[in-house]
Structure formats: C-alpha cells, structure tokens
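Engineer: Sequence plus predicted model, see below.
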Amino acid sequence: MVCTDTFTKFGRRIASTQGCPYVVIADTPNPIQDLGPDELRARAEAMIATVIDGLTLPPSEIERRFKDIVRRQIHPEGVVRSSVPV
Amino acid sequence: MTHAYVDLKAESLEQFVEQFPTRAYEHAYDQGWTDGLPIIPATPEAVQRFVAASGRAADEVIGVLPPRKGRATVEVIAANAVMAGCRPEYMPVIIAALEGLVDPRFLLEHMQVTTNPMTPFLLVNGPVRHKLEINFGTGCLGPGWRANATIGRAVRLILNNVGGALPGIYSKSSLSSPLRYSYICGENEEENPWAPFHVDRGFRREESTVTVFRAFNFCNISGSQGVGADEILRQIATQMLPMYALGDGALLLLGVNHAQALRAAGLTKRDIQQRLWKFARLPVSYFAKSFADEERAAGRGDAETVWRARSPDEFYIAVAGGPGPQDVYIAAGMPQTRAIPGI
C-alpha cells in the first residue's frame, strides 16, 4: 500500500477488515497534492525500498517485523473517538 | 479516558434512581456508544419490547455492516433504537432502512470510512407517516418531532456501533456533518400534485416505504412565487452546482407552493427533471480546469459547460414541508427503497 502518513494507520486498519493486517505500507508525509514532478520523484525514491520489501519479503518475515506495530495500529486500545489521527 | 464524574456508590435506592440516567449516559459515552447526546439505557426488558415490536426473531441478521463487518441482528438494532430514544413501533422503519443501506449498490463501506461527510438521508412514504407521526409538513427537517429525531439517530448509532464507523478511527470524515445526527422526513403526499415518490419507484400508494439516499448536503432554496415555471426552476437549478459527488444525483424536495405552481403550469415530474437537467449547468470558465475535465470525462459536461447531472433521471423529485416559497436541494443519489411490512 502507498499512502501519505495521515492515512498509514487508517490504511492498515481498513486492510485488516479485509483480512490483510500485515500489508506493507510505504508512506510519505502528507500532503502531496501540490508537489511538482521533481518533488514527487524524490518522495517516491524514498519509499521504493519499502515497496520492494513488500513485493519480495516472505509473509513470515513481514509478520515478524510488523507484529507489534500491527497490534497498535489496527485499533488503539480504549480509544472510541479521536479528533486527531490515531 | 473516563468521564464519569458521578459517585458510583449510591447510598440509597433513591440516590441510585436519581443517578441512573446520568450514569448510564456517562458509561455509554465512555464506551463510544453515543453520538455525544444522552441515551436511554438499553435494558434487557426494553430491548425485548423492541424486538417483539419488530415481528422478527432477535437473532435474525438484517445485514453485515462495514467496515468492521458487524452483524446487525434485530436484537442489536433494538438496543441502538432504545438508546436513540425511539418508540418500539419505529423498529420496522429502521430495519427497512438498514436493508436499503446494505444493498451493494449503495456502497455503504465508502460512506462509512471516507473523508467526505456523506450520510444517509431517509425519505418515508405511505401510511406509516401518520401512524408513527413522522413529520412531512412544516418543519419536517428540523427539531421537534420524536420519530424524525430518533429514527435517523438510531440508524447513525447502528452505523457507528455495529459497522464500527467510530469518528476519527474508522470514519475519516474530515469535518463530518450535523446531518449525521438524524436526516429524515416524510413526503408530503397529501399536497403532492403528482404521484408520491414511492409510487414512482414501483410501490403501491397504500404501501409504506423508506428510501435511503447517499446524501452530501442540505441546501434550502428561497424563491419568489408567481413568476412562471421556468423562473422557479431556474432559481432552483442555480443552487444545484456541479460538484464532485459519488452520489450521482440531486434530490429536490419541492415545497408545497412551488409544487402546486409547477403543476398548475402543466408540468409533470418528467418535465421538471428535464428542465433542471438543462438549467443546472455553468460555463467551463467558472471551474478549475481539472474539475471541468473530470466532469466532462464522467459525462457531466461538454466543451462549453459543466452539468450537475448526466441525465434527467439523476434528478429525484419529492414534495415536502409546509406552505412557503421554500425548497430543499440535497446532493443525493443511489436511492434504495424498501417496503415497511406490517404497516
């Protein structure tokens, strides 16, 4: 998954509802809407290693690396509403 | 974080009774079960009464609600309806609305998680409006009527509590909308000079129905009277700006005055749809180029203008409200109409 950092946890949360909690997420600081081609290329280059990881790592390794992160990101314990990204 | 500021150790029955409503509200708020407003405690007895009023089994699943795939059983629906302040007899309306919401053509999951503030709008037709006192006349979209206030609220609580659209967690609606508290009215069939909306949708006049729309806004249109059909419709159409909207439609709640004036001028609903389709257009120069390009690619524009809708069929016409030269435009589409059995 590729997204801006505002949506990283949300993306994993929604992916988990589709049965994919361990999706590898390449994120970049939000926003990107007004970036030009050169700035976008720099952002993409910074993310490419994560993209390659997502395409090449075996699922067991991805699960090992992200196990703790996934638990925290899917649903922060005890939080039922939030006005800031969680 | 808990917000319970009431001493949980009641020293007497009287003190317990006095504290119970506030404690129930605080507990529900801490659990994320409310929309922020007070709730009626969903005691087992109350839930049983509501299940019985539905005429269905408690464990019947009406739908599985996204994004968290919560099972909306009749019992769970009843618990939320109790909390929302409904009467038991409202249950069939809520269940019928949910049946419409879970239709795959409604795209509920997108509504539940998007940054857009879209929300269901419920239009109720048929005898149920009288039986349950669902307001369709003066003030029908405003405060003051229990059925209007609580049926829509129950749907919202179910979407949040069963679907899991917790604000800021699964729902990413950037600013959200006050329309998400309750957005519902009946159609004023008695002063509608044409066929009621549900008859247009293939139901019999004597049937009761609820139609759910994907709704994005509320826009009241004030307009003068007696200036001719085209002028009335131009005044309405100029408020229907082209917009980025997956709802793909425009619902016009014609006020009584304009409905009767348009009918007196000899217009059918189809005439109104066709004229609105032609009038609700603006020059390309009015818009950002990228927006105009997108709309043209989506079939809502040509080289010179951007249109509110692809075709006349995307304008939905109903009559609501009381006397006065007022109409309401709701950017709303993908309607799903369901019969309300037993009423």
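Structural biologist: Received, thanks.
Engineer: B:His110: how many residues sit nearby?
Structural biologist: Summarising burial for B:His110: neighbours were counted as other Cβ atoms under 10 Å in any protein chain shown, giving 14. (Each C-beta comes from the backbone N, C-alpha and C, glycine too.)
Engineer: gap between it and chain A?
Structural biologist: Taking Cβ to the nearest Cβ, to the nearest Å as the criterion, B:His110 is separated from chain A by 11 Å.
Engineer: Secondary structure element holding that residue?
Structural biologist: Assigned by DSSP states H and E, B:His110 falls within helix B:108-113.
Engineer: pLDDT on that helix, on average?
Structural biologist: Averaging pLDDT along helix B:108-113 yields 96.
Engineer: Tabulate the CA atom coordinates of it in PDB.
Structural biologist: Output for helix B:108-113, consisting of C-alpha atoms alone and laid out as PDB, is shown next (Å, rounded to 0.1, in the frame of the first residue of the first chain):
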ATOM      1  CA  LEU B 108     -22.100   1.800   2.300                       C
ATOM      2  CA  GLU B 109     -18.400   1.000   3.100                       C
ATOM      3  CA  HIS B 110     -17.200   4.000   1.200                       C
ATOM      4  CA  MET B 111     -19.700   6.200   3.100                       C
ATOM      5  CA  GLN B 112     -18.500   4.700   6.400                       C
ATOM      6  CA  VAL B 113     -14.800   5.500   6.000                       C
END
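Engineer: Tell me the buried residues in that helix?
Structural biologist: Of the residues in helix B:108-113, B:Leu108, B:Glu109, B:Met111, B:Gln112, B:Val113 count as buried by neighbour count, 16 or more other Cβ atoms under 10 Å in any protein chain shown.
Engineer: wouldn't B:Glu294 be in contact with B:Tyr244 here?
Structural biologist: Yes: if you go by Cβ atoms under 8 Å, B:Glu294 and B:Tyr244 touch, sitting 7.4 Å apart.
Engineer: Looking at the buried residues of helix B:108-113, spot the one nearest B:Ala265.
Structural biologist: The shortest approach to B:Ala265 among these belongs to B:Met111, at 37.3 Å (Cβ to Cβ).
Engineer: So which elements touch the host helix or strand of A:Arg64?
Structural biologist: Per DSSP H and E: A:Arg64 is located in helix A:59-74. Other helices and strands packing on helix A:59-74, by 3 or more Cβ pairs under 8 Å, 6 or more residues apart in numbering or on different chains; DSSP states H and E, are helix A:8-17.
Engineer: what is B:Val124 paired to in the beta sheet?
Structural biologist: Applying DSSP bridges to B:Val124 yields these beta-bridge partners: B:Gly186, B:Val210.
Engineer: contacting residues around it?
Structural biologist: Under the criterion of Cβ atoms under 8 Å, 6 or more residues apart in numbering or on different chains, the neighbours of B:Val124 are B:Val93, B:Ile134, B:Phe136, B:Ile184, B:Cys185, B:Gly186, B:Glu187, B:Ser208, B:Thr209, B:Val210, B:Thr211.
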